[in-house]
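Novice: sequence first, then the predicted structure:
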Amino acid sequence: MRTLLLIAIMTFPLFGLSQEIHGKKERNKKSELTESQIRVRKTTKWASVLPGSGQVINKKYWKAPLVYISLGTSVYYIIENTEHMNEFKQAWIHTSRGKTPRIRPTDSNGNYYSESDLENGTYLFRRYRDLSYLTLVGVYILQIIDANVDAHLRFFDSSEDLSLKFIPPYSGYTPTQSWQVGLKFIL
């Protein structure tokens, strides 16, 4: 026990030293970032904290309302499908116990659903609710990716010297060889 305590006391200053050295390395890495890398990181962080803000930072103002409409639609369907699921679930529980439910769903003809229909409806709306949650997460992640890609493309080199040349490949044709056809793209 004493030896373990002695070893712990002797190695404790080394951990503090290694963290200090690691901290200096981190500071040097941060100072080596270019302005474009800093801007891309800032845009991505803002987009992950506040949806749509990355699009505003990238001056793609028209995308921000699309982000909010998509997120709002997902939330609407989450709420709507949860309400329907709970309605079917409560009716299913009451009918399976032999009680008359307070609110009993009806089909488009005004007929009451059977117990098996109520069970199927509960599972159906639960599936729709879960898909709405997945859609919400997907839209959230896509808007972060969109902001990141737009921030990267903002610093993309698009100089005037962009050209495309079609050059047929030289194969060293001789009469004994078969002739070759091809294209070579040089960007």
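Specialist: Received, thanks.
Novice: roughly how far does residue 64 sit from residue 54?
Specialist: In this structure, residue 64 and residue 54 are separated by 9 Å, where distance is defined by C-beta to C-beta, to the nearest Å. Any C-beta I mention is one placed from the backbone N, CA and C, and that applies to glycine too.
Novice: neighbour count winner among these two?
Specialist: Each of residue 64 and residue 54 has its neighbours counted (other C-beta atoms under 10 Å); residue 54 has more, 30 against 16.
Novice: go ahead and confirm that one touches residue 143.
Specialist: Yes: between residue 54 and residue 143 there is a contact under C-beta atoms under 8 Å: 6.9 Å.
Novice: now do the shared contacts for the two.
Specialist: When C-beta atoms under 8 Å, 6 or more residues apart in numbering defines a contact, the residues bordering residue 54 and residue 143 alike are residue 47.
Novice: list the buried residues for the longest helix that the chain contains?
Specialist: For the chain, the helix that runs over the most residues, judged by DSSP state H, is helix 115-154. Within helix 115-154, the residues that qualify as buried by neighbour count (16 or more other C-beta atoms under 10 Å) are 117-119, 121-122, 125-126, 128-129, 132, 135-136, 139-140, 143-144, 146-148, 150-152.
Novice: again, but for stretch 68-86
Specialist: Of the residues in stretch 68-86, those buried by neighbour count under the rule 16+ other C-beta under 10 Å are 70, 71, 74, 77, 78, 81, 82, 84, 85.
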